[in-house]
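Engineer: turn this into a structure:
(one chain, ligands or ions: 1)
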Amino acid sequence: MVQPQKASPELRDARILVIDDEAQNVRSLTRLLTWAGYTTIRGVTESADAVRTFVEWEPDLLLLDLRMPGMDGFEVMEALSPLVPDGEYLPILVLTGDLDDTSRNRALTAGARDFLTKPFETTEVLLRIENLLETRHLHQRLRRQNVHLEHKVQERTRELADAQVEILYRLALAAEYRDDVTGQHAERVGVLSGMIAGVMDFAENDVDLIRRAAPLHDVGKIGVPDAILMKPGRLTEDELEVIRSHVDIGAQILSGGGFPLLRVAREIAASHHEQWSGRGYKGMVGEEIPIVGRIVAVADVYDVVTNERPYKAALSHGEAVRRIVVDRGQHFDPAVVDAFLEVVDRGLITKVGEMANRPGFLDLHEAEPAWPVALAH
Ligand SMILES: [Fe+2]
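Structural biologist: Residues are numbered from 1 along each chain as shown. The predicted structure is shown next:
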């Protein structure tokens, strides 16, 4: 005769719920399970209590009688089925007398994983319980591993995206340092563009994308020779043509990226010298120009004219604002100018430099936005 087996140590703390209207059955099963080493067993003799106990206690295994007054075993399984989370393996071991094929199929469809025929044979009861618990245990382990792997993949993808942006950003800085000794122009344009988008009707995520992508607007200047980029005085038409090529060079450097940030950055690089009236580099008109390009156009011009460069003096804030207003509907999208004026009215413009200087400006996963997103209406 086969000796009944004790429970494996890793399964002993599994929560086992016995649902049977006959108290004697619940008692004898509980006794047997306790003898086998299981420590956490509950018995329910009123099937109406089964669902509540299930929800409160979250058992690992159900021993379920099929024939019960009130809700029978089938109805209990049907009531429990929507409560089991997707992808979870919940073993239900049905306790029954002889079952015809129809009832057996119905029980399997309702969620039963195995059957125990009364009167119970001790070895068989313990073996089936152990097998079902073992399956659940392995299932849970696999799920945990999958979740872990998924996190790892997400983490690596994010690191890769960060690395790309970081490299591009440094490239933009390298281009920037040549005609802006402070290397702050790119960051300030990012902050100001984000502020403008913040007072327009952009979703918070998009505002954040614009703020992070805008510093890359002039990355294509890396392809413009110093002699032309820093030439004091007037440029010839050929030289201007070379300067204008920085929008195409930038768009090429930023093209082909799968990340939204790169796509927005590419759009900005390609379109930030377009003019609302159509007199920009490519002659795009009005809303043909991507909105991100129209926003950066204002932020870029404001920052360029208010800061000194080796080849030009700086304008005052008031004079720069006046010129932007004069160009409303000409160089600039009127709606963007209005948003820019709101940024000015709110006194935010004085904070641009300070925010661009913040350490961690490039930190792509700050808990708090580096600038007041909440200012948006
Ligand atoms: Fe530019």
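
Engineer: only C-alpha atoms from now on, for both contacts and neighbour counts.
Structural biologist: OK.

Engineer: where does the residue lying closest to residue 185 once chain neighbours are set aside fall, secondary structure wise?
Structural biologist: Ranked by CA to CA, 6 or more residues apart in numbering and with sequence neighbours excluded, the top spatial neighbour of residue 185 is residue 303, at 6.9 Å. Using DSSP states H and E, residue 303 falls within helix 291-306.

Engineer: quick revisit: so the residue nearest to residue 185 makes contact with residue 190?
Structural biologist: No. Judged on CA atoms under 8 Å, residue 303 makes no contact with residue 190 at a distance of 10.4 Å.

Engineer: neighbour count winner among the two?
Structural biologist: Taking neighbours as other CA atoms under 10 Å, residue 303 and residue 190 compare with residue 190 leading, 27 against 22.

Engineer: residues near residue 254, how many?
Structural biologist: When counting by other CA under 10 Å, one arrives at 26 neighbours for residue 254.

Engineer: any idea how far residue 125 is from the closest residue to it other than its chain neighbours?
Structural biologist: Nearest non-adjacent residue to residue 254, counting by CA to CA, 6+ apart: residue 266, 5.1 Å away. Distance from residue 266 to residue 125, counting by CA to CA, to the nearest Å: 66 Å.

Engineer: the more surrounded of those two?
Structural biologist: Higher neighbour count among residue 266 and residue 125: residue 266, with 27 against 20, using other CA under 10 Å.

Engineer: so who does the more buried one touch?
Structural biologist: 217, 250-252, 254-255 (CA atoms under 8 Å, 6 or more residues apart in numbering).

Engineer: give me the subset of the residues you listed lying in helices.
Structural biologist: Judged by DSSP state H, the subset of the contacts of residue 266 located in helices is 250-252, 254.

Engineer: what's the closest of these to residue 15?
Structural biologist: Distance to residue 15 across the ones in helices among the contacts of residue 266 (CA to CA) is lowest for residue 254, with 55.6 Å.

Engineer: what's near enough to touch that closest one?
Structural biologist: 262-263, 265-266.

Engineer: scan the contacts of residue 266 and report the most crowded one.
Structural biologist: Neighbour counts for the contacts of residue 266 (other CA under 10 Å) peak at residue 217, which has 31 neighbours.

Engineer: quick check: that one vs residue 241, distance?
Structural biologist: Plainly put, residue 217 is 18 Å away from residue 241 if you go by CA to CA.

Engineer: do a quick rundown of the helices in the stretch 51-200 of the chain.
Structural biologist: Assigned by DSSP state H, counting those that start in this stretch, the helices in the stretch 51-200 of the chain fall at 73-80, 101-110, 122-177, 185-199.

Engineer: ok, the stretch 201-350 of the chain next?
Structural biologist: Under DSSP H, counting those that start in this stretch, the stretch 201-350 of the chain gives helices at 204-213, 226-229, 237-244, 246-254, 260-271, 291-306, 317-326, 334-345.

Engineer: got the buried residues for the fifth one?
Structural biologist: By 16 or more other CA atoms under 10 Å, the buried positions in helix 260-271 come out as 261-271.

Engineer: possible to save the contacts of residue 266 as a markdown table with pLDDT?
Structural biologist: Formatted as a markdown table, the contacts of residue 266 follow (pLDDT from 0 to 100):
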| residue | pLDDT |
| --- | --- |
| 217 | 92 |
| 250 | 92 |
| 251 | 94 |
| 252 | 94 |
| 254 | 89 |
| 255 | 90 |
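
Engineer: I'm done for today, thanks for sticking with me.
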